[in-house]
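**Student:** I'll drop the sequence and a predicted model, then ask my questions.
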Amino acid sequence: MRLERANSKRPVTWVSFLGLVLIPIIVAAGFILATWKSGDRLDSIDAAIVNADEGAEVDGQTVPLGRQLTSGLVSEEDTAINWEITDAETAEQGLADGTFAAALTIPEGFSRAVTSVEDASTATQTRIDVDVSEVAPAADTLISQAIAEAARTTFNTEMTKTYLDSIYVGFNEMGTQMRDLGEAAGELEKGTDELSRGTSEAATGAGELAAGMTELDTAGGELATGAGDLESGVGDLAAGTSELATGLDEAATGTKDLPESTDKLADGADELSTGVDEYTKSIDEIIEGFAGSGDTGGGDLGQVVDGAQGLSRGLHDYRDGLVRNADDARTLMNSGQVTGLDSLVDAGLLTSGEAKQVRAQLCPEGTPAETCAGLERAYATGLLGGTSGALDQAAAGLEEERDGVSLLSGIEELATGLEDGLGELTEGMESIADNADELLEASQGLRSGAASVAEGNRQLADGMPGLADGIAQAAEGSAQLDEGAGQLSDGMGEFRDGLDQYVAGVSSATTGTGDLATGLTALSDGTTELDEGMGTFSEGVQKGAEEVPSYTAPERDTLAEVVSSSIESPDDRGVPDLLQGTTIALLIMLALWIGGIVTYTVLRPVQAAVLLSTESSPAIWLRGLAPGLLVGAVQAVVLSSLATTVLDVDTTQAVRIVLLTFASALVFMIFNFALVAWLGGVGRFVSVIALVLAVAGRTIGAVPEFFAAVAPLLPLTPAMNGFAAIAGGTTGAGAACAGLLAWAVIGGVASLLAIVRARTTKPEVALAMA
């Protein structure tokens, strides 16, 4: 089969075919072999050290930390860099001509800055500068920077170890001080505990005092209220006793004429007794004439008898009325139903007019209703008490006996004598004519009865002055009572004023003791919290003293080593090898893709001779694709063999790498065939863009979002991912193979459709496109 060149009529010879195979192999092999075991050749990298530090003086001794750092770098045997001590000018010239890949400069004052940590106010951070050559290989400058950074880290670690050792020594001293502080805190806790108990007891006592003062204040208020009522009642009593004195004065005035009246009654009885005596003496002389005129004489005597009996009954009724009214007055007074002057009116002791006059005297205009009611109640009570006493005295005066005869008994004897004499007189008149002796005897009885009546009236007259004197004494006593009640009222006013001052003082004292109790309670709470806080503080200090570590010298060295370098560096690694699975994958897939581009830059994907062929489109497609597949297969075999040689992989991994490389080469050839078959030169340009996007996103992770979004959609991405996964022994090879298969199907269908389209297009157009 004759192969045609793209854009040329010259045939493709075996030399051209060999060049298609070797171009990607040479590219990939050159990069791989140039970096293979590069770590073993790193001792050829030269770097300069410029030490401008003059050292520092600490405790009278010079500390040249810059010189120590320089010595450590130069004498380090495991480093892969040849460090050379030089001056600033030589280092700058070496960087300019590439003699030195990097130059590390220790600045002036380096030692002073490092040792400034002894004083926090003057502590200063320093640095070391690393300059890289602009003409030296990039890897050399990167390695130099990395080793300089490692030197900086190592120096910081040593300084940290020294500083930590001082801190651990401080821990030992701190532990001792913390234990001393814990003992002092324990003593302080005891004091605060005693203070808390004392303030608690004081607060309790103040609370009890406040409660007692509150009760005393409440009782003082009640006492003041009661004193007010008592004062009001005493005022009412004074007014009542005044009214009582006035009433008794009037009663004394009314009974003053009673003895004179009773004297007149006694004189009339004497005259009656004298008349009866004269009558009986002349009875013999007028017996006949008396018999003829007996009715008229009997009627006169009957009137005398009736008058005497009426007087006796009147005095008894008067006595009974006095007793009953006195009892009624006491009952009414003790019943509690007398609330004022209206109650006296209802009881019949006062008229409405009298009550109105008394009220006007007791309660002048403007007197409070409560005060007026108390005055009326006191007046009514005093009037009832005085009235009952006066009536009892009057009743007792009627029954008081003098010479064995009282006023009541004398009146009774008078009425009895008159009645008995009248009866005898009547009988005598009936039998006067028959028996003169009996008449004379009856006349004698009449004289005796008249004498008894005269004697009884005389006793009544004699008792009546005592009654009048008793009423006068009651009036005088009520006046004294009124005066005493007035003095009592004045004294109650003074007592009320003093009591108000006392209550006000107690109230102020209650407020003060309440504030004192509140303050002491707050103080007690505060001292309790202080005690609890001191207890917590003491326990914390003691516990903290126990937890403060104490280290021996070997322990301090170990801890300083571990803390300053928590992560230990791996042993026997040196500078890591630049060759990794991802790098080999990138180089091999880059070479295979370039091989596809170059192949279909040299070869025509759609042969001009077969456009008019009678063969089927699949046959023509396979005939045009076969040379590229052959070139890709050879490239895959050579490159996979080279990769398995430089990579440390087992046989299984090597076989999988060969298969994946072979599949990737075929997919890349098919895809580039389709691009060129469809788009011609534009397809080659699109292929280069796809290569750039995939490889750029693989060389560094920090790429623009567009690269990160497009790279997973390109055929190179699953190929590189699968190669790196197999080389690294991780998962992902299966997904990569699935991706390659999908791109193989897409490329195959697209390239076949390109053949079909070319056969349905005019030959000159198809040839131009191809």
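**Tutor:** Received the coordinates, thanks. Keep in mind that this is a model prediction, so the values were computed, not measured. Numbering: from 1, shown residues only.
**Student:** so in the chain, which strand runs the longest?
**Tutor:** strand 45-51 (DSSP state E).
**Student:** give me the sheet partners of that strand and which way each runs.
**Tutor:** strand 81-85 (parallel), strand 102-106 (parallel) (DSSP bridges).
**Student:** now render those as CSV, adding distance to Leu693 and mean neighbour count.
**Tutor:** The way it works is simple: take the backbone N, C-alpha and C, and place the C-beta from them, glycine included. CSV is the format used below for those (distance: least, CB to CB, whole Å; neighbours: other CB atoms under 10 Å):
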stretch, distance to Leu693, mean neighbour count
strand 81-85, 36, 19
strand 102-106, 33, 24
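**Student:** can I get these in a markdown table with mean pLDDT and distance to Ile657?
**Tutor:** What follows is the strands paired with strand 45-51, written out as a markdown table (pLDDT from 0 to 100; distance: least, CB to CB, whole Å):
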| stretch | mean pLDDT | distance to Ile657 |
| --- | --- | --- |
| strand 81-85 | 84 | 34 |
| strand 102-106 | 88 | 37 |
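**Student:** could I get those as JSON lines with distance to Leu660?
**Tutor:** Output for the strands paired with strand 45-51, formatted as JSON lines (distance: least, CB to CB, whole Å):
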{"stretch": "strand 81-85", "distance to Leu660": "38"}
{"stretch": "strand 102-106", "distance to Leu660": "39"}
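**Student:** looking at these, which is nearest to Ala633?
**Tutor:** strand 81-85 (44.2 Å; CB to CB).
**Student:** and the next element down the chain from the longest strand of the chain?
**Tutor:** Sequence-wise, the next helix or strand beyond strand 45-51 is strand 56-58, with elements assigned using DSSP states H and E.
**Student:** buried residues in that next one?
**Tutor:** Ala56 (16 or more other CB atoms under 10 Å).
**Student:** that one pairs with which strands, parallel or anti?
**Tutor:** Strand pairing (DSSP bridges) places strand 56-58 next to strand 61-63 (antiparallel).
**Student:** next, the buried residues of the strand it pairs with.
**Tutor:** Buried-residue list, strand 61-63, by 16+ other CB under 10 Å: Val63.
**Student:** angle of the very next helix or strand once past it against strand 45-51?
**Tutor:** Once the chain leaves strand 61-63, the next helix or strand it forms, by DSSP H and E, is helix 65-75. Relative orientation of helix 65-75 and strand 45-51, computed by axes from the mean of the first three to the mean of the last three CA atoms, to 10 degrees: 160 degrees.
**Student:** now do helix 65-75: which elements does it pack against?
**Tutor:** Counting contacts by 3 or more CB pairs under 8 Å, 6 or more residues apart in numbering; DSSP states H and E, helix 65-75 is packed against strand 45-51, strand 81-85, strand 102-106, helix 110-114, helix 138-255.
**Student:** show me this protein divided up by domain.
**Tutor:** 14-28+579-769, 232-334+368-499 (automatic domain parsing).
**Student:** least confident of the ones you listed, on average?
**Tutor:** Least confident of the domains of the chain, judged by mean pLDDT, is domain 232-334+368-499 with a mean of 66.
**Student:** please enumerate the helices of the stretch 251-400 of the chain.
**Tutor:** 258-281, 287-292, 294-335, 341-346, 352-362, 369-399 (DSSP state H, counting those that start in this stretch).
**Student:** picking that back up, got the CA positions of the longest strand of the chain in PDB?
**Tutor:** Below are the C-alpha coordinates for strand 45-51, written out as PDB (Å, rounded to 0.1, in the frame of the first residue of the first chain):
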ATOM      1  CA  ILE A  45      25.200  22.100  42.800                       C
ATOM      2  CA  ASP A  46      27.300  25.000  44.200                       C
ATOM      3  CA  ALA A  47      25.900  27.600  46.600                       C
ATOM      4  CA  ALA A  48      27.500  30.500  48.400                       C
ATOM      5  CA  ILE A  49      27.300  31.600  52.100                       C
ATOM      6  CA  VAL A  50      27.800  35.200  53.000                       C
ATOM      7  CA  ASN A  51      28.200  35.800  56.800                       C
END
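**Student:** other residues contacting that strand?
**Tutor:** Residues outside strand 45-51 that contact it (CB atoms under 8 Å, 6 or more residues apart in numbering): 66-67, 69-70, 73-74, 80-88, 90-91, 94-95, 99-106, 140, 143-144, 147-148.
**Student:** surely Val688 and Ile594 touch.
**Tutor:** No. Look at Val688 against Ile594 with CB atoms under 8 Å: they stay out of range, at 9.1 Å.
**Student:** those two: who's more crowded?
**Tutor:** With neighbours defined as other CB atoms under 10 Å, Val688 and Ile594 compare such that Ile594 has more, 20 against 12.
**Student:** from Ile588, how far out is the more buried one?
**Tutor:** 11 Å (CB to CB, to the nearest Å).
**Student:** equivalent analysis for Lys356, please.
**Tutor:** 138 Å.
**Student:** same deal with Thr214?
**Tutor:** In terms of CB to CB, Thr214 sits 101 Å off from Ile588.
**Student:** those two: who's more crowded?
**Tutor:** Taking neighbours as other CB under 10 Å, Thr214 and Ile588 compare with Ile588 leading, 30 against 17.
**Student:** the host helix or strand of the more buried one packs against which elements?
**Tutor:** Ile588 belongs to helix 581-602 when assigned by DSSP H and E. On a contact count with 3+ CB pairs under 8 Å, 6+ apart, helix 581-602 meets helix 14-35, helix 617-646, helix 651-679, helix 681-699, helix 716-728.
**Student:** buried set for the fourth one?
**Tutor:** Judged by neighbour count (16+ other CB under 10 Å), helix 681-699 contains these buried residues: 683-684, 687, 690-691, 693-695, 697-698.
**Student:** and Leu625, how far from Ser687?
**Tutor:** Taken as CB to CB, the span from Leu625 to Ser687 is 16 Å.
**Student:** actually, Ser388.
**Tutor:** Taken as CB to CB, the span from Ser388 to Ser687 is 144 Å.
**Student:** over to Gln68?
**Tutor:** For Gln68 relative to Ser687 (CB to CB), the value is 58 Å.
**Student:** do the same with Gly348
**Tutor:** 142 Å.
**Student:** ditto for Ala52
**Tutor:** Computed as CB to CB, the Ala52 to Ser687 distance reads 55 Å.
**Student:** now swap in Asn334 and tell me
**Tutor:** Relative to Ser687, and taking CB to CB, Asn334 is found at 135 Å.
**Student:** again, but for Ala517
**Tutor:** 98 Å.
**Student:** what do you get for Gly212?
**Tutor:** To Ser687, Gly212 is 107 Å away according to CB to CB.
**Student:** kindly report the same for Asn721.
**Tutor:** Note on Asn721: its distance to Ser687, by CB to CB, is 20 Å.
**Student:** check Gln393 too.
**Tutor:** For Gln393, the distance to Ser687 - CB to CB - is 152 Å.
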